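Colleague: Predicted coordinates and the sequence they were generated for:
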Amino acid sequence: MEGEVRFIGVVEEAGEESTIRVYPQYCPGLLGIEAHSHLIILYWMHLRDDERHRGTLRVIPRRHEGAPLTGVFACRSPSRPNPIGLSVVELLGMEDCRLRVRGLDAFEGSPIVDIKPYLPRADSVPDARVPEWTLRGPPT
């Protein structure tokens, strides 16, 4: 089965605070977004979009000291068959087709795949089980 991903925008500025520009044809989809304090941003890790990185299936997570050899589907490695990144961000504001956010873990120029509202009732799992190595290192 083949699919097609349509990028809906791009990261214009990256940093502690970032700017996401949504392409004009997708701006109507932002209606009501300001009512949400947090968003889920799906983006394309374009700097890892090559055969070497897409062929990586096992890694030792670098930012987690003592992490074991792990499959890419069991960690947040940017090298993976489909280089899709995910960040939960705080929405700081919106002007025209630009979202100002805090907490985006993407580079300038990263294409945006999708934007979804963060819904605590659906997206938070307080008792989730994770391997001990994920508790060391920076948040991912």
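Modeller: Sure, I can see it.
Colleague: quick one, domains of this structure?
Modeller: For the chain, automatic domain parsing gives the domain ranges 1-45+83-119, 56-81.
Colleague: Need the three-state assignment for the residue nearest to the spatial centre of the chain.
Modeller: Centrality entry for the chain: nearest residue to the mean C-alpha point is residue 86, 2.0 Å, by CA atoms, centre = their mean. State at residue 86, reduced to three classes by DSSP: H, G, I helix; E, B strand; the rest coil: strand.
Colleague: how near is it to residue 44?
Modeller: For residue 86, the distance to residue 44 (CB to CB, to the nearest Å) stands at 11 Å. All C-beta atoms are positioned from the backbone trio N, CA, C, and that covers glycine.
Colleague: What of residue 129?
Modeller: Relative to residue 44, and taking CB to CB, residue 129 is found at 29 Å.
Colleague: Same drill for those two, tell me which one is more crowded.
Modeller: Ranked by neighbour count (other CB atoms under 10 Å), residue 129 and residue 44 place residue 44 first, with 19 against 5.
Colleague: Need phi/psi at that one.
Modeller: When read as degrees, to the nearest 10, the backbone of residue 44 gives phi -100, psi 120.
Colleague: what about the closest residue to residue 104 other than its chain neighbours, which helix or strand?
Modeller: Nearest non-adjacent residue to residue 104, counting by CB to CB, 6 or more residues apart in numbering: residue 18, 4.2 Å away. Counting by DSSP states H and E, the secondary-structure element that holds residue 18 is strand 17-22.
Colleague: For that strand, name the packing helices and strands.
Modeller: strand 9-13, strand 98-102, strand 111-117 (3 or more CB pairs under 8 Å, 6 or more residues apart in numbering; DSSP states H and E).
Colleague: cutoff 10 Å now
Modeller: Packing contacts for strand 17-22, counted by 3 or more CB pairs under 10 Å, 6 or more residues apart in numbering; DSSP states H and E, involve strand 9-13, strand 38-44, strand 84-95, strand 98-102, strand 111-117.
Colleague: would a markdown table of those strands with mean pLDDT and distance to residue 73 be doable?
Modeller: Formatted as a markdown table, the helices and strands packed on strand 17-22 follow (pLDDT from 0 to 100; distance: least, CB to CB, whole Å):
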| stretch | mean pLDDT | distance to residue 73 |
| --- | --- | --- |
| strand 9-13 | 98 | 25 |
| strand 38-44 | 98 | 16 |
| strand 84-95 | 97 | 12 |
| strand 98-102 | 98 | 27 |
| strand 111-117 | 98 | 18 |
